[in-house]
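Q: Based on what follows, work out the 3D shape:
(one chain, ligands or ions: 1)
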Amino acid sequence: MANLMEMDPEGIKSAIASGGVRIAVIGLGWMGLPTACILADRGARVTGVDSDEGIVEAVSNGEPPIQEPGLKQLLERLVKGGRLKATTDIAGAAAESDAFIIVVPTAVGRDGGADYRAIEKASKGIAEGMRPGSLVILESTCGPGVTERVVGGTIEKASGLRAGRDYGLAHSPIRAMAGRALQDLQTYPRVVGGIDARSLEAAAAIKEVMTKGGVVKVRDLRTAEATKLFEAVYRDVNIALANELAILSEKLGIDYIEAMRAANTQPYSHLHVPGAGVGGHCLPIYPYLLASSASEHGVSLKLVMESRHLNEDMPRHVARLCADALRASGRSLRRARVCILGVAFRANVKEARLSPSLELARILSRRGAILKAYDPFFSRAELSKMGLSSEPTLLQTISGAHCAIITVPHDEFKALDVRALASNMAKSPCLVDCAHIIDPAEAEKAGFIYRGVGRGLWSK
Ligand SMILES: NC(=O)c1ccc[n+]([C@@H]2O[C@H](COP(=O)([O-])OP(=O)(O)OC[C@H]3O[C@@H](n4cnc5c(N)ncnc54)[C@H](O)[C@@H]3O)[C@@H](O)[C@H]2O)c1
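A: Residues are numbered from 1 along each chain as shown. Model prediction:
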């Protein structure tokens, strides 16, 4: 077995290429499975570990449990070729691995505090089988200090092995989006920090094997951990700014999109497009992780949290736009037939975790609307599991509806014929476009009562 802590970076890279390095990837989700596949494709002998038996069974059969372009063919080939296997037995995988990559979820508790229990559990499992000389890389997003405290602390308590002395410990945050993970993981520059220089060099060598984008080595674990959260809150705050200015534009009777485009001709202005809110597994969670770390140091993140709450409130704002459009058509939300077009949190991905559309559906249902939803990426059975009733096609879903709400710019929605949409709906139909894919003037010409996030010109 390879002792990565005694090898130089070039030695690690060539050992990976010649099949001499065994890597266990813990967590085979949206990010872990593509990571495992890329490493196996480069030559490493990879064991994927997941606590979910169904996921392990699917991966072992070469069937990815998630939809990522190119992943199915790659996984099938790697499993058939014996380059990648999967198991639920973390201690067994640890006993036969030289390096560990932890890609388990990080969560936020009901009190808004960070929940790192999955990282702790994975670390304990690794500790049961690992040898001195191994390398552990935490890739799950976390607050500064967590890699050393939670991973290092748990491993030391369970095995007596100390990070930096007996094994290598590094952090390398994942920079990739669901729906394009394989591409992003192989092209984006990768940030790496280590508990010491040897850990940093060894982890950087593994990342260099994975990505063409190069590696950004930072001074320590905390800097690497902070990088990811800083990137995320930068985005969340900027989206909140766009949403706030969009809501103001509605009141002012101006078109935010027109104002945004004009403002962005100034080289320092990069105003974002507003929308129905922010979903997915990252942005809704990371500000809380950072705020949790900040509060441990007596710091309150006012701007970051105000922005987060503003984004969380957007589904309520969209429900208000819907109620306003219905009022203009002489109806109330109560008993109105409303269709949500788009359940995914982002365009063209099959991912609905923390999707604003789900929150919007809850709000509209509570207010008495009769709801249906459609999303080309989810089957009727999958929508039903989310508590959403649907029809087989978009036109069937909107048939006879009083209001359609477009939440994300899926390609299928961009190709919509606005006149066909209107003619399939009830008399005086309403359209709320949060994705900015339908020209408001065209919508009105087609007979719609139109509302859009930030489209104040059409709010009166
Ligand atoms: N999804 C994204 O777009 C994205 C992007 C960047 C970073 N991240 C970060 O990457 C990390 C993983 O995210 P994800 O989206 O891949 O999560 P995911 O929920 O898709 O997958 C996590 C997997 O880990 C498994 N798991 C949980 N606890 C385990 C344990 N103790 N042992 C073994 N397996 C365990 C789960 O069964 C699941 O299959 C998170 O910290 C997330 O914030 C995610």
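Q: Residue 438: what's it in contact with?
A: Residue 438 sits next to 406, 416, 418, 431, 450 when contact means Cβ atoms under 8 Å, 6 or more residues apart in numbering. (C-beta placed from N, C-alpha, C; glycine too.)
Q: can those go into TSV with extra columns for distance to residue 219, neighbour count and pLDDT?
A: Output for these, formatted as TSV (distance: Cβ to Cβ, whole Å; neighbours: other Cβ atoms under 10 Å; pLDDT from 0 to 100):
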residue	distance to residue 219	neighbour count	pLDDT
406	45	24	98
416	50	18	94
418	54	20	96
431	52	28	98
450	52	25	98
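Q: Can you name the residues of this protein that neighbour the ligand?
A: For the chain, the residues in contact with the ligand (Cβ under 6 Å from any ligand atom) are 26-32, 49-52, 55, 103-106, 118, 121-122, 140-141, 174, 176-178, 281-282.
Q: Tell me the confidence at residue 460?
A: pLDDT recorded at residue 460 is 62.
Q: Excluding its own residues, what touches stretch 260-279? List them.
A: In contact with stretch 260-279 (Cβ under 8 Å, 6+ apart) are residues 236, 238-239, 241-243, 245-246, 256-257, 284, 311-312, 314-315, 318, 345-346, 352-360, 405, 407-408, 434-436, 453-454.
Q: Tell me the buried residues within these.
A: 236, 239, 241-243, 245-246, 256-257, 284, 311-312, 314-315, 318, 345-346, 352-360, 405, 407-408, 434-436, 453-454 (16 or more other Cβ atoms under 10 Å).
Q: Look up phi and psi at the residue in the stretch 51-200 of the chain that the ligand sits nearest to.
A: Of all residues in the stretch 51-200 of the chain, residue 140 sits closest to the ligand, at 3.4 Å by Cβ to the nearest ligand atom. Dihedral pair for residue 140: phi -60, psi 140, per degrees, to the nearest 10.
Q: burial count for it?
A: By other Cβ atoms under 10 Å, 26 other residues sit near residue 140.
Q: hang on, it packs against residue 119?
A: Yes - with contact defined as Cβ atoms under 8 Å, residue 140 reaches residue 119; the gap is 5.7 Å.
Q: overlap in contacts of those two?
A: 102, 104, 106.
Q: Adding pLDDT and secondary structure, write the residues you listed out as JSON lines.
A: Shown next, in JSON lines, are the shared contacts of residue 140 and residue 119 (pLDDT from 0 to 100; DSSP: H, G, I helix; E, B strand; the rest coil):
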{"residue": "102", "pLDDT": "98", "secondary structure": "strand"}
{"residue": "104", "pLDDT": "98", "secondary structure": "coil"}
{"residue": "106", "pLDDT": "95", "secondary structure": "coil"}
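Q: can I get these in TSV with neighbour count and distance to residue 446?
A: Converted to TSV, those look like this (neighbours: other Cβ atoms under 10 Å; distance: Cβ to Cβ, whole Å):
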residue	neighbour count	distance to residue 446
102	26	52
104	25	48
106	22	45
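Q: which one of those is nearest residue 335?
A: Closest approach between the shared contacts of residue 140 and residue 119 and residue 335, by Cβ to Cβ: residue 106, at 41.5 Å.
Q: Do me a favour and get the backbone dihedrals for that closest one.
A: phi -110, psi 140.
Q: With residue 114 instead?
A: Per degrees, to the nearest 10, the backbone of residue 114 is at phi -70, psi 140.
Q: what pairs with it across the strands?
A: As for beta bridges, residue 114 partners with residue 108 under DSSP bridges.
Q: what's near enough to touch it?
A: 106-108, 142-143, 146, 288-289, 292-293.
Q: now, which of those lie within strands?
A: Under the assignment DSSP state E, the contacts of residue 114 contribute 107-108 to strands.
Q: Most neighbours among the contacts of residue 114, which one is it?
A: Per-residue neighbour counts (other Cβ under 10 Å) across those peak at residue 142, which has 28 neighbours.
Q: list the contacts for the residue in the chain that the ligand sits nearest to?
A: As assessed by Cβ to the nearest ligand atom, the ligand sits closest to residue 29 within the chain, at 1.7 Å. By Cβ under 8 Å, 6+ apart, the contact set of residue 29 is 50, 55, 66, 103-105.
Q: quick one, phi psi at residue 338?
A: Backbone torsions for residue 338, taken as degrees, to the nearest 10, come to phi -120, psi 140.
Q: now the helices for the stretch 301-450 of the chain?
A: Under the criterion DSSP state H, counting those that start in this stretch, the stretch 301-450 of the chain contains helices at 302-312, 314-328, 356-366, 380-385, 394-398, 411-414, 418-424, 440-445.
Q: Dump the ones you listed into TSV; add distance to residue 96 as well.
A: Shown next, in TSV, are the helices of the stretch 301-450 of the chain (distance: least, Cβ to Cβ, whole Å):
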stretch	distance to residue 96
helix 302-312	42
helix 314-328	47
helix 356-366	41
helix 380-385	37
helix 394-398	50
helix 411-414	44
helix 418-424	57
helix 440-445	60
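Q: Out of those, which gets nearest to residue 91?
A: Across those, closest to residue 91 is helix 380-385 (Cβ to Cβ), at 33.2 Å.
Q: Check which residues of stretch 246-256 are buried.
A: Of the residues in stretch 246-256, those buried (16+ other Cβ under 10 Å) are 246-247, 249-250, 254-256.
Q: how about the closest residue to residue 179 other than its chain neighbours, what does it touch?
A: Nearest non-adjacent residue to residue 179, counting by Cβ to Cβ, 6 or more residues apart in numbering: residue 349, 3.4 Å away. With contacts defined as Cβ under 8 Å, 6+ apart, the neighbours of residue 349 are 67, 177-179, 377.
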